[in-house]
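Trainee: Below are the sequence and a predicted model; questions follow.
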Amino acid sequence: MIYSLSGKLIVKNPNFAVIETGGIGFKIFISPRTGKNLPKNGKVRFFCSLIPHREGLDLYGFLNEKELEIFELFLSIAGIGPKAALKILGVDDVNGLLAAINEGRGDLLAKAAGVGTKKAERVILEMRGKIQTKQNKENLKLMENDIETESALKNLGYKKEKIANAIKQIPSDILKKEERIKTALKILAKNA
């Protein structure tokens, strides 16, 4: 099995990346969140899961081992395939995701495109309590505030990609929704 791959990033796409190592280009499926965190070019390392299917093999990659672990836990749930697992991982960082699961917040998981309420509830039912995070309440509040911040900025006419980039730059010690919106607006103005 392939556990990790390191090499030069030669293609960066929202749904996959290609890294070249040893003269071979490997196509690795990634979450949109992972895609946003990749460098424009240069060396990158993915922790991988090799998934067989009828037409061959697909490689799924993550920037850290914790994401890989969560991805593989999602795959153990009936009805959750690799594509749905990637979509769920794209909703928030691992801590926010685990907080939403442990607090039973299916509405936050259902935010992922193509992941309906039933799948979100199944994920919560199967995974709740399996992996604990120390700061469930704080992570959950931060996730809720970021969703509201994103909505407010969309209403002001900002594009989704710029909003996501600005939210990612907000310091984690800023917890209040109003402060997060103000900080995001400052970041957007500075990057305009």
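Mentor: Yep, that arrived. Numbers count the residues shown, from 1 in each chain.

Trainee: pretty sure I80 contacts A120?
Mentor: No: assessed by Cβ atoms under 8 Å, I80 is found out of contact with A120, at 10.2 Å. From N, CA and C alone the C-beta is placed, and that goes for glycine too.

Trainee: Around A17, how many other residues sit close by?
Mentor: Using other Cβ atoms under 10 Å, A17 is surrounded by 21 other residues.

Trainee: wait, I meant G104
Mentor: Using other Cβ under 10 Å: G104 sits among 12 other residues.

Trainee: Could you double-check that it lies in contact with R128?
Mentor: Yes: the criterion here is Cβ under 8 Å, and G104 meets it with R128 at 6.7 Å.

Trainee: Which residues does the biggest helix by length in the chain contact?
Mentor: For the chain, the helix that runs over the most residues, judged by DSSP state H, is helix 136-155. Contacts of helix 136-155 with the rest of the structure, by Cβ atoms under 8 Å, 6 or more residues apart in numbering, involve 92, 95-96, 98-100, 102-103, 105, 108, 111, 133, 160, 163-164, 166-167, 170, 172, 175-177, 180-181, 184-185, 188.

Trainee: Using CSV, list the CA coordinates for the helix or strand following that helix.
Mentor: Next in sequence after helix 136-155, counting helices and strands by DSSP states H and E, comes helix 160-169. In CSV, the C-alpha atoms belonging to helix 160-169 read as follows (Å, rounded to 0.1, in the frame of the first residue of the first chain):
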residue,chain,number,x,y,z
LYS,A,160,-16.7,32.6,-2.4
GLU,A,161,-13.0,31.9,-3.0
LYS,A,162,-11.9,35.3,-1.6
ILE,A,163,-14.2,34.8,1.4
ALA,A,164,-12.7,31.4,2.2
ASN,A,165,-9.2,32.8,1.9
ALA,A,166,-10.0,35.7,4.2
ILE,A,167,-11.7,33.5,6.8
LYS,A,168,-8.7,31.2,6.8
GLN,A,169,-6.5,34.2,7.7
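
Trainee: hang on, G42 packs against I10?
Mentor: No: G42 is beyond contact range of I10, at 10.4 Å (criterion: Cβ under 8 Å).

Trainee: quick one: which of those two has more around it?
Mentor: I10 (12 against 8).

Trainee: Kindly state the pLDDT recorded for the more buried one?
Mentor: Looking at I10, its pLDDT stands at 93.
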